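# next come a sequence and a model predicted from it.
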Amino acid sequence: MTVCIQYSRPISGKNDGEIFGLDVAVSNFLTAYFKHSNQQQFICRPTDFPSFDHFKALAKAVGVDEQRCVGLDPRHPKHNLGSIDTLFRPDPLIADLAWRRQQLPSPGFATCGLVHTMSGERIARAVGELLTAPTDENDALICPSEAIRDAIHNMWEIQADYLNHRSGGKFKCPVQTPVIPLGIDTDKFLNLTTADKRTAQRKALDVNDDEVVVLFIGRLSFATKAHPLALWQAAERAAQHLQKKLRIIMYGYFKPGDMEQHFRKLAAETAKNITIEFVMNDDKRFPDGLWAAGDIFTSLSDNIQESFGLTPVEAMACGLPAIITDWDGYRGSVRDGLDGFLIPTMTPPPSAGLAIAEAYYNEENYGVSLMGAAQSTSIDIDACAKAIGILAGDEGRRKSFGDNARTRAQHIFDWRHIIKAYEELWTELSAKRKASKPKPALPANWQAVHPSYPNPWQMFRSFPSSLLTMEDKLTIAMSKDEITALTAHEMNYFIPELLVPKETMLEMIELVRKAGSPRVQDIVSAFPPPEHDRILRCIGWMLKHGIATTGRP
């Protein structure tokens, strides 16, 4: 089984401390892929040269010889994708891959993508395109959680309702949606939580022995991550009944920057019995982060942009009990009452949400959708206060939950298991594709490679005065020296890959000259059928540059 990864280099990191979760997820996946894959060669279809350089750099960083990395020119899928069994891209844009597959002989490669989030117009378009793209049941879109899988099915149902109503058809997306969670390097997090690191981090934070640290790690944004009030209110309620002090540490970065003033003002007004502290993720005192300093991890996500949630799984690998919301993919990580607690959430019924979509569409502002949904998503504050009270007041329970969490992370979420699941899926997809009976995905002689990329001479066939026919006769009108001089100019031969090589062109011209005034049909039939269209383009080139003239019998 030969796999090719379509890859674009990350775009985050331009600002200090700012890291896009998608970039981290893709880079972590590739790093794990290089470490745990069974592939002898790591084949990459990069979007540009710097992306392939970054691909090789990630491989080299984990000890993979750069010579094992092979880059394919994305401009020539016919020539370099024929031997690929599965083409994977770590995003949901596989409709494009399915269209490109049509340029290859059947059966071609299986396509496989990965969904990180299901909120926003761009992802809706990408997933919706799979309804009309030439996909089949041997293509797959990997979902990191059952919640995201369900969201995809709901999106297809919404879009199919319209298409079926509009066309009277029966649109149904055949693409598989297997659930494979995101992975982590559990050994890395084990090494981040040693006793000496815990001592050093708590000393730097001036944490007293009678304090319990409740740790939040992630983007500090009430618009796109989690509103902090429910956590702080719950901690306030819990603190009133505890013998130990509670310190809430919010570790991450503010996005956008003006979030900081809102967070700090609300924290100052809320904290009466607890301490709320903000630590930035580029703080040089903590090169290893703050995982070791925590006693309890918490993330009360209330945002539809969330999909799986890596930080709860990372906390589990660190041996921290977690208090997280019963929300999206979060609920697939922590087991309530075993590794931590899941805090109930609630939203209004779907009928109340259409106005949010209207506001998003009319204002063309993604934040309107996220904030509009989040501001009416509630979290059970009493249940959270109870969970904090139980764990903060019982060191033995924290230890038991933390041990359970670490074991679960190692057995379920470590990359060695996740990469194996990916490769098993890819093998299954390609095997079934090869064994299945080819089905025509496009109309016979369809004049496009994609609905938005039609044959220009078909679409604009009414533009010229006439069309070249097979009965037209061709006569060479220039001398050999004149033709050689003309072809020496780059502007006269500007997209050579659509023609024959220059030397072959000159030879063909001389053969036409010797034949007198042969018909176009006679010239074309002298070449193999796959080259007929190319020869017609060459004849058009000759006529364009005055090398030849045409006449009709």
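Nice, thanks for sending it over.

# what kind of secondary structure is the residue positioned nearest the centre of the chain in?
Centroid-nearest residue in the chain: residue 91, 2.1 Å away (criterion: C-alpha atoms, centre = their mean). Secondary structure for residue 91, judged by DSSP: H, G, I helix; E, B strand; the rest coil, is coil.

# my guess is it meets residue 116, correct?
Yes: using C-beta atoms under 8 Å, residue 91 is in contact with residue 116, at 7.2 Å. Where C-beta positions appear, they are placed from N, C-alpha and C, glycine not excepted.

# so what sits against both of the two?
With contacts defined as C-beta atoms under 8 Å, 6 or more residues apart in numbering, the residues shared by residue 91 and residue 116 are residue 22.

# surely residue 304 meets residue 374?
Yes: if you go by C-beta under 8 Å, residue 304 and residue 374 touch, sitting 7.4 Å apart.

# which ones are touching the residue nearest to residue 347 when sequence neighbours are not counted?
Closest residue to residue 347 apart from its sequence neighbours, by C-beta to C-beta, 6 or more residues apart in numbering: residue 377 at 5.0 Å. Applying C-beta under 8 Å, 6+ apart to residue 377 gives the contacts 302, 303, 345, 346, 347.

# got the confidence number for the spatially closest residue to residue 310 that is not a sequence neighbour?
Distances taken as C-beta to C-beta, 6+ apart place residue 182 nearest to residue 310, at 5.8 Å, with adjacent residues excluded. On the pLDDT scale, residue 182 is placed at 93.

# please apply the same query to the one 5 residues further on.
As predicted, residue 187 sits at a pLDDT of 96.

# where's it relative to residue 98, distance?
According to C-beta to C-beta, to the nearest Å, residue 187 stands 38 Å off from residue 98.

# for the stretch 201-350 of the chain, just list every one of the strands.
211-220, 245-254, 275-280, 296-299, 322-325, 340-343, 345-346 (DSSP state E, counting those that start in this stretch).

# alpha carbons of the first one, in CSV - could you do that?
Backbone C-alpha positions of strand 211-220 (Å, rounded to 0.1, in the frame of the first residue of the first chain) are rendered in CSV as follows:
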residue,chain,number,x,y,z
GLU,A,211,-3.0,25.6,47.5
VAL,A,212,-4.7,23.5,44.9
VAL,A,213,-3.9,24.6,41.3
VAL,A,214,-6.7,24.3,38.8
LEU,A,215,-5.1,24.6,35.4
PHE,A,216,-6.6,25.8,32.1
ILE,A,217,-4.4,25.6,29.0
GLY,A,218,-5.4,27.0,25.7
ARG,A,219,-6.5,30.0,23.7
LEU,A,220,-7.9,32.7,26.0
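
# please work out the average pLDDT along it.
Mean predicted lDDT for strand 211-220 stands at 96.

# tell me the angle that strand makes with strand 245-254.
Calculated by axes from the mean of the first three to the mean of the last three C-alpha atoms, to 10 degrees, strand 211-220 forms an angle of 20 degrees with strand 245-254.

# quick one: distance of strand 211-220 to the chain centre.
Distance of strand 211-220 from its chain centroid, counting by C-alpha atoms, centre = their mean, to the nearest Å, is 28 Å.

# where does the prediction get shaky in the chain?
The chain contains residues with pLDDT under 70 at 12-21, 553.

# and residue 70, how close does it get to residue 133?
Separation of residue 70 from residue 133 (C-beta to C-beta) stands at 27 Å.

# same check on residue 89?
14 Å.

# same question for residue 217.
Distance, residue 217 to residue 133, using C-beta to C-beta: 38 Å.

# where along the stretch 351-500 of the chain do the strands fall?
Per DSSP E, counting those that start in this stretch, the stretch 351-500 of the chain has strands spanning 378-379, 448-450, 453-454, 473-476. These are given in chain order.

# for residue 111, helix, strand, or coil?
Per three-state DSSP, residue 111 ends up strand.

# thinking it is in contact with residue 141, fair?
No: between residue 111 and residue 141 there is no contact under C-beta under 8 Å: 9.0 Å.

# which one's more surrounded, those two?
residue 111 (31 against 24; other C-beta atoms under 10 Å).

# which ones are touching that one?
86, 87, 88, 94, 97, 98, 101, 135, 139, 140.

# could I get the contacting residues of the fifth one?
Residue 97 makes contacts with 6, 87, 89, 111, 113, as judged by C-beta under 8 Å, 6+ apart.

# list the beta-bridge partners for the second one.
On the basis of DSSP bridges, residue 87 takes part in beta bridges with residue 4, residue 111.

# is it true that it touches residue 113?
No: with contact defined as C-beta under 8 Å, residue 87 does not reach residue 113; the gap is 9.6 Å.

# quick one: contacts for the closest residue to residue 39 other than its chain neighbours?
Nearest non-adjacent residue to residue 39, counting by C-beta to C-beta, 6+ apart: residue 3, 6.0 Å away. Contacts of residue 3 were listed using C-beta under 8 Å, 6+ apart, and they are 37, 39, 43, 84, 85, 86, 87, 88, 423, 426.

# how many neighbouring residues does the nearest residue to the last one once chain neighbours are set aside have?
This points to residue 426. Once flanking residues are discounted, residue 426 sits nearest to residue 86: 4.2 Å by C-beta to C-beta, 6+ apart. As a burial measure, residue 86 scores 25 neighbours (other C-beta under 10 Å).

# what's the overlap in contacts for residue 111 and residue 141?
With contacts taken as C-beta under 8 Å, 6+ apart, the residues that reach both residue 111 and residue 141 are residue 94.

# which residues touch residue 147?
Neighbour list for residue 147: 307, 328, 329, 331, 332 [criterion: C-beta under 8 Å, 6+ apart].

# do residue 204 as well
Taking C-beta under 8 Å, 6+ apart as the test, what residue 204 contacts is 285, 286.

# tell me which element residue 53 falls in.
Taking DSSP states H and E as the definition, residue 53 sits inside helix 49-61.

# what lines up beside the helix or strand just after that helix in the sheet?
Per DSSP H and E, the first helix or strand lying C-terminal to helix 49-61 is strand 69-71. Sheet pairing of strand 69-71 (DSSP bridges) gives strand 42-46 (parallel).

# ok, back up a step: higher neighbour count, residue 187 and residue 98?
Set residue 187 next to residue 98 and count neighbours by other C-beta under 10 Å: residue 98 wins out with 23 against 13.

# torsion angles phi and psi at the more buried one?
phi -60, psi -40 (degrees, to the nearest 10).

# pretty sure it is touching residue 138, no?
No: under the criterion of C-beta under 8 Å, residue 98 makes no contact with residue 138, lying 10.8 Å away.

# quick one: residue 101 from residue 507, how far?
35 Å.

# cool, and residue 107?
From residue 107 over to residue 507 the distance is 37 Å, taken as C-beta to C-beta.
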